[in-house]
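Colleague: Quick one, fold the following:
(one chain, ligands or ions: 1)
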Amino acid sequence: MTSDGLVTAHLRHVLEDSLADTSGERATDVPQLADADPDLFGIALATLDGHVHAVGDVDVRATLQSLSKPFAYALAVADLGVDEVRRHVDVEPSGEPFDAISISPTTDRPRNPMINAGALAATSLVRGADPDERAERVRALCSGLAGRELDVDEDAAAAELESGQRNRAIAHLLLAHGRLGVDDPEDAVRAYVRQCALLVDVRDLAVMAATLAGGGVNPLTGRRVLETWVVRHVLSVMLTCGMYDAAGDWVATVGLPAKSGISGGLMAAVPAELGVAAWSPRLDPHGRSVRGLAAVRRLSAEMDLHTLHVHRGGRPPVRSSTTLADSPSSRERGPEDAARLARDGHRSLVLALHGDVLFAAAERVVRAVEESQEGLEAVVVDLRAVDEVVPAAARLLRALPRALPGGGRRVFVVDPAGLLDGALSTQGSRDDGAGGDDDGGPVVVGDVDEALAAAEDRVLGRADAPRAQGDAEVDGGAPRP
Ligand code: GLU
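Modeller: Numbering: from 1, shown residues only. Prediction:
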């Protein structure tokens, strides 16, 4: 055995500590589960730059079972949109066993897509001419998430099709309540058992979780397999419903969107960080892997993975706040202009941002402009050290010219990477009806010196300030945070 790196050694430590726990029972639903070696145990952690740390029984494959539910649901949501899918399946924790033959009496829908009732409904909504095509689309998606082609365990699928009377009963109930996307309950069951029979190992599970953690981009292949808005919705449902009955305890103590399956697998996504997975066949009374649960609980605690843990209380998004008097352009000015800039240069703001510009950062910028209104002639917002601008922040920055008299020609955004435009063109972020405002948007330029010089021209009262080459003027619409 080659020696472990520090992170792999940590996983091994967690694995070895849990080996002594032999409590719980294997699932008996189909022979493939009942015959699994109960002592097997593997843990894996996949990073968003595509490295997988794995220890224990990492190469043994088992069926996905309920771990397929978030993915089939994601496909239904991608196909039909959140609203249409929610007409068939709700998103509330159920507090019931995963295979309860039940529909909520208040909403007349299955409570969520992580229990069998909601999962059967979701699978039946996936687009496809027949159950095989629907199942094949789920298989293809899961393969994209794992970064390799996954196979169906045909024996496991056949066995579950034969023994799945509870799922059949649920599918009939769904049909009776108008919550099935197909006319024949058997079609829903047929596609569902195939997705449950997809074969994965614990590394695959960690990579699948990491793909969700990465907003839908597989860290191994670099391919986008799901849109970010779909992932956000699916992770939300996994956070509150993924671990069956004990949802409140799970969120409070582990705090990760996760899913378990009765083959003994458990995966959890740490948004924007990594994916973790554990697999060991013995289950607790809720159908969750005993050792897998212990491992993910421990990793969450020891690696500070709880998604609601506030790691740093709001690092100031504005890295520096100066004026043109302190941050002049390199442009040669005649003695008269130089004297005027020396006198009036302070009637400006030069704000340099860094990191990710979330809504609160844009609010800080707007407030800085609003608070120094008196005599303010020009504003430069420098985004060169910014990694990302979220759409809500971009909308607010686009409306920034409205915060000072004179509008768009007085606000210059230095944005060589086109972050503002990129955020505004993100799906669902743009209100096309919001244009046509009297105020123009900011002048977006690629070069900071160009922006400073243009801002100086404004302070000097030059309305015909030359625009930097290739400037794009962003339309100034109403902010819709
Ligand atoms: N195939 C199983 C069933 O439908 C999946 C259950 C689970 O993994 O929780 O009963």
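
Colleague: From now on I want contacts and neighbour counts done on CA atoms only, so please keep to that.
Modeller: Will do.

Colleague: What score does the one residue in the stretch 301-450 of the chain that gets nearest to the ligand have for pLDDT?
Modeller: Of all residues in the stretch 301-450 of the chain, residue 306 sits closest to the ligand, at 23.5 Å by Cα to the nearest ligand atom. Residue 306 is assigned 95 on the pLDDT scale.

Colleague: Run through the residues that contact the residue of the stretch 1-150 of the chain found nearest the ligand.
Modeller: Distance from the ligand to each residue of the stretch 1-150 of the chain (Cα to the nearest ligand atom) is smallest for residue 66, at 3.5 Å. Each residue near residue 66 by Cα atoms under 8 Å, 6 or more residues apart in numbering is listed here: 114, 196, 259-262.

Colleague: burial count for residue 35?
Modeller: Neighbour count for residue 35, taken as other Cα atoms under 10 Å: 12.

Colleague: Make residue 1 into 429 and carry on from there
Modeller: All right, first residue 429 from here; so that's residue 463.

Colleague: Do I have it right that residue 566 meets residue 504?
Modeller: No - in this structure, residue 566 is not within contact of residue 504 by Cα atoms under 8 Å, at 9.5 Å.

Colleague: what about these two, which has more around it?
Modeller: residue 566 (28 against 24).

Colleague: ok, and the closest non-adjacent residue to the more buried one?
Modeller: residue 500 (5.7 Å; Cα to Cα, 6 or more residues apart in numbering).

Colleague: ok now do residue 747, which residues does it touch?
Modeller: 779-782.

Colleague: Quickly name whichever of those is closest to residue 594.
Modeller: Proximity of the contacts of residue 747 to residue 594 was ranked by Cα to Cα; the top entry is residue 782 with 54.6 Å.

Colleague: about what we covered before: buried residues in whichever strand or helix holds the residue nearest to residue 566?
Modeller: Assessed by DSSP states H and E, residue 500 sits inside helix 497-508. By 16 or more other Cα atoms under 10 Å, the buried positions in helix 497-508 come out as 497-506.

Colleague: Any stretches of the chain with poor pLDDT?
Modeller: 429-430, 740-743, 801, 834-836, 855-867, 891-909 (pLDDT under 70).

Colleague: Get me the contact residues on it for the ligand.
Modeller: Within the chain, the positions near the ligand by Cα under 6 Å from any ligand atom are 493-494, 544, 624, 689-690.

Colleague: longest strand anywhere in the chain?
Modeller: strand 806-817 (DSSP state E).

Colleague: and that strand, what other elements does it pack with?
Modeller: strand 776-785, strand 839-842, helix 847-852, helix 876-887 (3 or more Cα pairs under 8 Å, 6 or more residues apart in numbering; DSSP states H and E).

Colleague: So which residues make contact with the longest one?
Modeller: Right, the one you point to is helix 876-887. 752, 755-759, 769, 772-773, 775-776, 805-808, 810, 838-842, 873, 891, 893-896.

Colleague: from the chain's centre, how far out does that helix sit?
Modeller: 39 Å (Cα atoms, centre = their mean, to the nearest Å).

Colleague: what do you get for the shortest one?
Modeller: On the basis of Cα atoms, centre = their mean, strand 839-842 sits 30 Å off its chain's mean C-alpha point.

Colleague: residues touching the nearest residue to residue 626 once chain neighbours are set aside, list them.
Modeller: Closest residue to residue 626 apart from its sequence neighbours, by Cα to Cα, 6+ apart: residue 580 at 4.4 Å. Contacts for residue 580 were tallied using Cα under 8 Å, 6+ apart; they are 622-623, 625-627.

Colleague: For those, give me JSON lines that also has distance to residue 793 and neighbour count.
Modeller: As requested, the contacts of residue 580 are arranged in JSON lines below (distance: Cα to Cα, whole Å; neighbours: other Cα atoms under 10 Å):
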{"residue": "622", "distance to residue 793": "52", "neighbour count": "29"}
{"residue": "623", "distance to residue 793": "49", "neighbour count": "30"}
{"residue": "625", "distance to residue 793": "52", "neighbour count": "27"}
{"residue": "626", "distance to residue 793": "50", "neighbour count": "26"}
{"residue": "627", "distance to residue 793": "51", "neighbour count": "21"}
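
Colleague: Identify the farthest-apart pair in those.
Modeller: So, the contacts of residue 580 by Cα to Cα: farthest apart are 622 and 627, at 10.3 Å.

Colleague: re the thing from before, among the contacts of residue 747, which ones are buried?
Modeller: Of these, these count as buried by 16+ other Cα under 10 Å: 779-782.

Colleague: now those residues in a markdown table, with distance to residue 700?
Modeller: Converted to a markdown table, the buried ones among the contacts of residue 747 look like this (distance: Cα to Cα, whole Å):
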| residue | distance to residue 700 |
| --- | --- |
| 779 | 27 |
| 780 | 25 |
| 781 | 21 |
| 782 | 18 |
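
Colleague: From those, pick the one nearest residue 645.
Modeller: residue 782 (24.2 Å).

Colleague: What ranges does this structure have for its strands?
Modeller: In the chain, the segments counted as strands under DSSP E are 470-475, 480-484, 490-491, 627-628, 686-688, 693-698, 702-707, 746-750, 776-785, 806-817, 839-842, 871-873, 900-901.

Colleague: If you count contacts, what does the fifth one end up packed against?
Modeller: In other words, strand 686-688. helix 656-669, strand 693-698.
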